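Trainee: need coordinates for the following:
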Amino acid sequence: MAYTLDVFILAAVFGFLYGFLLQKADFCFVASIRDWISVKDNRILNGVLVLIATALLGWGLVLTLGIKQVSDVWTVPLGGANLLGGILFGIGMTIAGGCGSGTLYRCGMGYVQFWIVLLFAIAGNLLFAFLYDPWARDILQPLTLVENGYTLYTLPIPYWVIPVVLVAGMLLIAIYRYGASGFWGGVKESLTDWERNPLKQSHWDIRLVAFLIGVVATIQFALMSNVGITGPETRIGAVALAQLLGDDVVFNNTYLNALFADFPRVGLGPEETLVIFLVIGSLAASLLSGSFKIRFPRSSRLPYAIGGGLLMGVSSRIAPGCNIANVITGIGGLSLSSVLVIIGMIIGIFIVVAFIFKMPLMLFQRYDSM
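Mentor: Residues are numbered from 1 along each chain as shown. Here you go, the predicted structure:
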């Protein structure tokens, strides 16, 4: 498939918007679960729930209008590998200090630690690719229950029904918990949390940002593709490897060769452009708010960045996908495999927080306070 210039431009716009929005709310999936477990802070978790609700309604609307078909919904093989990959990814991103999207937007803010995490995550992607054939494939294959994955959109009911029912249930729970006045007060607060020029303001309300990210992802699904992070990062790593060792190193690898099946050659496509511009969008947002700063990590954190990054890279190929792909694209697409991955990620985060590090405050301090 030969991509036209307008597709690359569209991908760059989407990536820039994601990076800008993620940075403005300090939006990180691992922090949403970690903070809730460790200090009962549900601020970021509320944003994740708003994002899920928006994606559900967005995907349901796109399918109902016939803009996309069920065959366009992202589904992957369903089975134990989803849960295993999710658990390992949850452990990896908690150790590293940031999820797939959190790592990228913090790269744009000048955190050297997360450039290290990103580098080793890509190395982990490539490591899995070279372990895939014959060892990893033979190990993971018996875990597969449904080869082509499964989405609830295949049920013989209108596409809008399940998203509307799920979101209505989420709204009722929120109103029951906070009360009608508290719920609508939160909605109003999320829309009016402005102190000065929004572009220069260092922080936007995470609930508004979550909604906007969900809208952008829905538009991307309608116009271009499903949003993903670690798949494109794997291709970026393969392109770099091809530049060093030649294209044959990619063509002769079963896993990497399959990743470029729709490409005219080994090179960067629209989704890789999106990932690159996500970092650029975060950089622009942090420069506007004055929060950009080159920050070097303490030497004690380097093993966590390296080990966590490697584990994120390998596990994102086992699951497959990171938090962004599974929370937005997977849940929006009612993919059962993504439900398993997310459950696994929560378990992985809990394992690290409750048992491995036993919640030392030094590890969980916010990076923007450094």
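
Trainee: which stretches of the chain have low pLDDT?
Mentor: Low-confidence segments of the chain (pLDDT under 70): 1-2, 357-370.

Trainee: my read: residue 195 touches residue 203, true?
Mentor: No: in this structure, residue 195 is not within contact of residue 203 by CB atoms under 8 Å, at 9.3 Å. Every residue, glycine included, has its C-beta placed from N, CA and C.

Trainee: quick one: which of those two has more around it?
Mentor: Set side by side, residue 195 and residue 203 show more neighbours around residue 203, with 15 against 9, by other CB atoms under 10 Å.

Trainee: which SS state does that one fall under?
Mentor: coil (DSSP: H, G, I helix; E, B strand; the rest coil).

Trainee: so how far is residue 134 from the most centrally placed residue in the chain?
Mentor: Centroid check for the chain by CA atoms, centre = their mean gives residue 324 as the closest residue, at 2.0 Å. Distance, residue 324 to residue 134, by CB to CB, to the nearest Å: 30 Å.

Trainee: residue 34 now?
Mentor: Residue 34 is 37 Å from residue 134, where distance means CB to CB.

Trainee: which residue packs closest to residue 59, ignoring adjacent ones?
Mentor: Nearest residue to residue 59, sequence neighbours excluded (CB to CB, 6 or more residues apart in numbering): residue 332, at 3.8 Å.

Trainee: dihedrals phi and psi, that neighbour?
Mentor: Torsion angles at residue 332 (phi, psi; degrees, to the nearest 10) stand at phi -60, psi -40.

Trainee: and residue 321, which helix or strand is it part of?
Mentor: Applying DSSP states H and E as the criterion places residue 321 outside every helix and strand.

Trainee: what is the burial count for it?
Mentor: 29.

Trainee: that one: what's it in contact with?
Mentor: By CB atoms under 8 Å, 6 or more residues apart in numbering, the contact list for residue 321 reads 76, 228, 230, 231, 329, 330, 338, 341.

Trainee: just name the closest of these to residue 109, please.
Mentor: For the contacts of residue 321, the residue nearest residue 109 by CB to CB is residue 230; the value is 20.2 Å.

Trainee: hmm, back to that, now go through the contacts of residue 321 and say which are in strands.
Mentor: Nothing among those maps onto strands, per DSSP state E.

Trainee: just send these back as a markdown table, with distance to residue 296 too.
Mentor: Formatted as a markdown table, these follow (distance: CB to CB, whole Å):
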| residue | distance to residue 296 |
| --- | --- |
| 76 | 37 |
| 228 | 30 |
| 230 | 26 |
| 231 | 30 |
| 329 | 34 |
| 330 | 35 |
| 338 | 36 |
| 341 | 33 |
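
Trainee: got a winner among the residues you listed for most neighbours?
Mentor: residue 341 (34 neighbours).

Trainee: contacting residues around residue 130?
Mentor: By CB under 8 Å, 6+ apart, the contact list for residue 130 reads 253, 255.

Trainee: tell me what the longest helix along the chain is packed against?
Mentor: Looking across the chain with DSSP state H, the single longest helix is helix 161-191. Judged by 3 or more CB pairs under 8 Å, 6 or more residues apart in numbering; DSSP states H and E, the packing partners of helix 161-191 are helix 43-64, helix 206-223.
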